[in-house]
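> dropping the sequence and predicted coords here.
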Amino acid sequence: MAKILLVEDDPILGKSLKIGLEVGGHSVIWEMSLRTARQQEQNCSFDLILLDVNLPDGLGFDFCSELRSKNSRIPIIMLTARSDEDSVIEGLRAGANDYVRKPFGMRELLERIRVAIKEPTIREEQVRYGPILILKDQRRVLINEVEVEFNRREFDILSYLIERSEAVVSREELIHQLAQGEEIFDRTIYSHISHIRSKLKKLPN
């Protein structure tokens, strides 16, 4: 099952797609504008985005380009009534993984989703918490789309805590996770956490 962000302003098609995707075993959050889609993408972690091209407050191409400019590798499938080749090329150049012309069958869409999610070249493990996006493969941290530098230990600590944001992480658990054969002292952990907090406090609100 994949968690999908569906961005489609047509209420009839959007409802139909949401039902069809959920019947197909997926979890779906449906938004009808780029503004709300951006909010959802910033606050939640998705496995795939189904993105209409023509939306009331802009073009899906622009949203796709924005995500790729932030180094997001989330699979994106464009949905559009446009049938000309130039539009297809524009969508692919914006960073879309696939381009589906309306009307389309639900079985076809579900198969395209399956392929997009399994494609290894576009997948990267990401962790998001509010404005914080952690690109684990690249060991990079973006906060409000601005890259913030953390050393190796700081990155490991921040990444571990963000992944468990809904749980209480004990000092012993954190030391055990980070040790990996090395000896780590309490004061070292506290020092790294202090540096992380200092960097976060310096960021503009």
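Structure's in. What do you need? Numbering: from 1, shown residues only.
> what sits up against stretch 36-45?
For stretch 36-45, the surrounding residues in contact (C-beta atoms under 8 Å, 6 or more residues apart in numbering) are 3, 5, 7, 29, 31, 46, 49, 51, 63, 66-67, 126-128, 130-131. (Each C-beta comes from the backbone N, C-alpha and C, glycine too.)
> how does it look with 6 Å?
Defining contact as C-beta atoms under 6 Å, 6 or more residues apart in numbering, one finds that stretch 36-45 is touched by 5, 7, 29, 31, 128.
> on the three-state scheme, the last one is what?
Under DSSP: H, G, I helix; E, B strand; the rest coil, the three-state class of residue 128 is strand.
> could you check how far it is from residue 105?
Plainly put, residue 128 is 32 Å away from residue 105 if you go by C-beta to C-beta, to the nearest Å.
> these two: who's more crowded?
residue 128 (18 against 10; other C-beta atoms under 10 Å).
> ok, and the closest non-adjacent residue to that one?
Among residues not flanking residue 128 along the chain, residue 45 sits closest, at 5.0 Å (C-beta to C-beta, 6 or more residues apart in numbering).
> helix or strand for that neighbour, which one?
Using DSSP states H and E, residue 45 is not contained in any helix or strand.
> longest helix of this protein?
Ranked by number of residues, the top helix in the chain under DSSP state H is helix 186-201.
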